[in-house]
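[1] Output the structure for:
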Amino acid sequence: MAIPTARWPCAVDPTAGTRISAPAAQPATGGTVVRRKPATRVNALAAAHLLRGIQDGCHTLYELTEMCGLQYQTVLKYCNALHKLKVIHICDWSEDVRGGRTLRVYAMGTAPDMPKPRRLTGKEICARYRAKRKQLQMIQRMAA
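    Numbering: from 1, shown residues only. Take a look at the predicted model:
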């Protein structure tokens, strides 16, 4: 006689060609059924932290990445999807490492997106560099 497996609820008796139904499983705790709490998925928790971070205020993608513990690309995909559905909007543009205002700052809401600022001209970049250099020279003179 074939023993029913976990995959199939009944097995076929090879000698008789008839089906044998599986015996009903008895709970191990004296007749009471113990139900487990469903496991919370890690991505669900990370997405919840992401939404909480966006709800708390305006944050860049890098700040949201640090808050929720997901990779940058994952946070970018989530934010692009939320932005497409008009759940979040771009409230400001922040400076990156090189000083360009290219980092989007997201906030919760359906307000219109802030337009991206125009690029700095060569003249403005040179003026900024000269001002920094002049300030650094003044500090060095004062320290000497």
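[2] Check what contacts the helix or strand hosting L136 and list those residues.
    L136 is located in helix 122-143, with elements delineated by DSSP states H and E. Identification of contacts with helix 122-143 by C-beta atoms under 8 Å, 6 or more residues apart in numbering yields G99, L120. In this view, the C-beta of every residue, glycine as well, is placed from N, C-alpha and C.
[3] average model confidence for it?
    Averaging pLDDT along helix 122-143 gives 93.
[4] Now M114: which helix or strand?
    M114 belongs to no helix or strand, assigned by DSSP H and E.
[5] Make sure it is actually in contact with S94.
    No - counting by C-beta atoms under 8 Å, M114 stays clear of S94, with 11.1 Å between them.
[6] If I follow the layout properly, A46 ends up in contact with L70?
    Yes - the pair A46 / L70 is scored as a contact, 4.9 Å apart, by C-beta under 8 Å.
[7] what about R104, neighbour count?
    By the criterion of other C-beta atoms under 10 Å, R104 has 21 neighbours.
[8] how about it, what does it touch?
    Neighbour list for R104: T60, L61, I90, W93, S94 [criterion: C-beta under 8 Å, 6+ apart].
[9] Please apply the same query to M114.
    If a contact means C-beta under 8 Å, 6+ apart, then M114 has I90, C91, D92, W93 as its contacts.
[10] pLDDT at P115, what is it?
    On the pLDDT scale, P115 is placed at 92.
[11] What backbone torsions are found at the residue positioned nearest the centre of the chain?
    For the chain, the residue sitting closest to the mean C-alpha position, by C-alpha atoms, centre = their mean, is V75 at 3.7 Å. In terms of degrees, to the nearest 10, the main-chain angles of V75 are phi -60, psi -40.
[12] Use 4 as the first number for this chain going forward.
    All set: I'll call the first residue 4, so the last point we hit is now V78.
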